[in-house]
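Novice: I would like to see how this sequence folds:
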Amino acid sequence: MPSNKSASKAAVNPANLTIVLQRPRFPENIGSAARAMANMGIARLLVVRPEDCDLTRVCRLATHAALDVVENMETAPDLKTALKPFQYVVGTTARLGGQRKLTTGPDRLARDLVSISANNRVAIVFGPEDRGLTNEELRLCHRLVTIPTAGFSSLNLAQAVMVICYELFRTRVAGPAALTPRLATRFELDGMYDQVKELLVRINYIQPQNPDYWMNKLRHFFSRIQLRAGEVSIIRGICRQIDWYSRKCYQDGYRAGVRDKDSAS
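Specialist: Numbers count the residues shown, from 1 in each chain. Sure thing, here's the model as predicted:
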C-alpha cells in the first residue's frame with residue numbers, strides 16, 4: 001500500500017517569497033543571487049538602489065537558467081518604499097549583539113514561514129556586501145536571521161542567498177499547517193509606529209533624543225503578536241483619541257490659567 005506520508009507535509013509557498021537585495025555593489029552578485037534563487041524555485045527578485053546594475057554583467061553570472069528571474073526583477077529607490085506591500089519582512093545579519101539580539105537560524109525561519117507564507121507576502125532582505133543592513137534598516141523587519149558559521153562569518157552575497165533559499169526549498173512540516181491569516185503590510189505598520197512614536201514622545205513616555213531606540217521594544221512586542229490590518233487600525237484609533245484628549249486637556253488648562261490670571265489682575 002503506497003504511503004501518503006508526503007501528502008501530510010506542508011511547504012513554504014515560493015509564490016509569496018521575494019528576495020530583496022539592499023544596495024548591492026556589484027552586478028555579478030545580483031546575477032549570482034538570481035541563479036541561486038532559480039536553483040531553489042524562487043522567482044521574485046527586488047533590488048533596492050544598486051550601485052551598478054549593468055544587465056550584461058548581471059546576466060553573465062545569472063546564466064540562461066535564471067534569465068527569467070532577471071527579466072522580471074523589480075527595483076525600488078529605497079528600502080522603506082520597497083517593503084510597503086509585504087506583510088512579513090525578514091532581515092539577514094552576520095553581526096550580533098546590541099539591537100541584533102533576537103535572531104534565528106535559517107532552519108527555524110523556514111519552518112515558521114511555512115504557515116506565514118501561505119497567505120502573506122514575505123520579503124527576505126540582504127544588505128550590501130561590505131557592511132550588511134544598518135540598525136535603521138533592520139527596524140523595518142519583523143525578525144532577523146543569521147547563518148551560523150565556524151567563526152569566519154563573512155559570506156558572499158550569493159552564498160548567503162543560496163543558504164537561505166535552500167532551507168526554504170527543502171523544509172517540510174507535518175501538515176496541514178496552521179495557516180497564519182493575512183497580516184498588516186509594512187506600510188500599515190510603519191504608519192502605526194510613526195503615530196505611536198510621535199504620541200509617546202509628546203506625553204514624555206519615551207525620550208525625544210533617541211526615540212527609535214525606545215521604540216525597538218514595542219516593535220519586537222508587536223512583531224511577536226503579528227498584527228492584522230484591522231488590529232493596526234484599532235491601535236491607530238486609540239492613538240488618535242489619546243492625542244485628541246491630551247490636546248483638549250492642555251487647551252482647557254491653558255484657558256483656565258488665563259482666566260485665573262485675568263481674575264487676579
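Novice: Three-state assignment for the most centrally placed residue in the chain, please.
Specialist: For the chain, the residue sitting closest to the mean C-alpha position, by CA atoms, centre = their mean, is Val89 at 2.3 Å. The three-state assignment at Val89 reads strand, by DSSP: H, G, I helix; E, B strand; the rest coil.
Novice: what separation do you get for it and Leu17?
Specialist: The gap separating Val89 from Leu17 is 12 Å, by CB to CB, to the nearest Å. Quick note: C-beta positions are derived from backbone N, CA and C, even for glycine.
Novice: in this structure, where is pLDDT below threshold?
Specialist: Confidence mapping of the chain against pLDDT under 70 gives the ranges 1-8, 97-102, 175-177, 250, 252-265.
Novice: show me it divided up by domain.
Specialist: Using automatic domain parsing, the domain parsing of the chain gives 5-174, 186-264.
Novice: pretty sure Gly191 contacts Cys239?
Specialist: No. Taking contact to mean CB atoms under 8 Å, the distance of 10.5 Å between Gly191 and Cys239 leaves them out of contact.
Novice: contacts for stretch 169-181?
Specialist: Where contact means CB atoms under 8 Å, 6 or more residues apart in numbering, the residues beyond stretch 169-181 that reach it are 8-12, 14, 40-42, 107, 110-111, 114-116, 118-120, 226, 228.
Novice: among the residues you listed, which ones are buried?
Specialist: Using 16 or more other CB atoms under 10 Å as the burial test, the contacts of stretch 169-181 include 10-12, 14, 40, 42, 110-111, 114-116, 118, 120, 226, 228 as buried.
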